[in-house]
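Chemist: model the following, please.
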Amino acid sequence: MKPATFAPSARAEFEAAAEWYETHADGLGERFVSCVDEIVGRIEASPAGFPIWDGDRRFRRAVAQRFPYVIFFRELPDSIEVTAVAHAAREPGYWLKRK
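Modeler: A predicted model of the protein is given here:
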């Protein structure tokens, strides 16, 4: 099993989303974090079990349950990189422009 790491920009958007949810309802940010953590655990266990993203075939995607977010990741030789924790309403692939 390969460990997952978050790209700095993915970590920042994940934390911002959790903070936003928490300011709107007590405990909601915590539930969002748990949801993403559960998905990342499943990604670590079986990255090939998630569909390849048609926008760029180097990446796979995992859709969050109960939250409008998609986790984009790529499998590297020794790890899995979470590249984006993207709100589903955002422009697809906006995160590809990041360095």
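Chemist: run through the protein and note the low-pLDDT ranges.
Modeler: 99 (pLDDT under 70).
Chemist: sketch out the helices for this structure, chain order is fine.
Modeler: Per DSSP state H, the chain carries helices over the ranges 8-24, 28-45.
Chemist: how far away is the residue nearest to the spatial centre of the chain from G93?
Modeler: By Cα atoms, centre = their mean, the chain has its centre lying nearest to I71, at 2.5 Å. In this structure, I71 and G93 are 14 Å apart, going by Cβ to Cβ, to the nearest Å. Any C-beta I mention is one placed from the backbone N, CA and C, and that applies to glycine too.
Chemist: please apply the same query to E30.
Modeler: 29 Å.
Chemist: still on that earlier bit, put together TSV for the helices of the chain, with mean neighbour count on each row.
Modeler: Compiled in TSV, the helices of the chain are given as follows (neighbours: other Cβ atoms under 10 Å):
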stretch	mean neighbour count
helix 8-24	15
helix 28-45	16
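Chemist: which one of those helices lies closest to K2?
Modeler: K2 lies closest to helix 28-45 among the helices of the chain, at 6.4 Å (Cβ to Cβ).
Chemist: so what's D56 up against?
Modeler: G93, L96 (Cβ atoms under 8 Å, 6 or more residues apart in numbering).
Chemist: give me phi/psi at it?
Modeler: phi -170, psi 110 (degrees, to the nearest 10).
Chemist: correct me, but P47 touches F73?
Modeler: Yes: assessed by Cβ atoms under 8 Å, P47 is found in contact with F73 at 7.2 Å.
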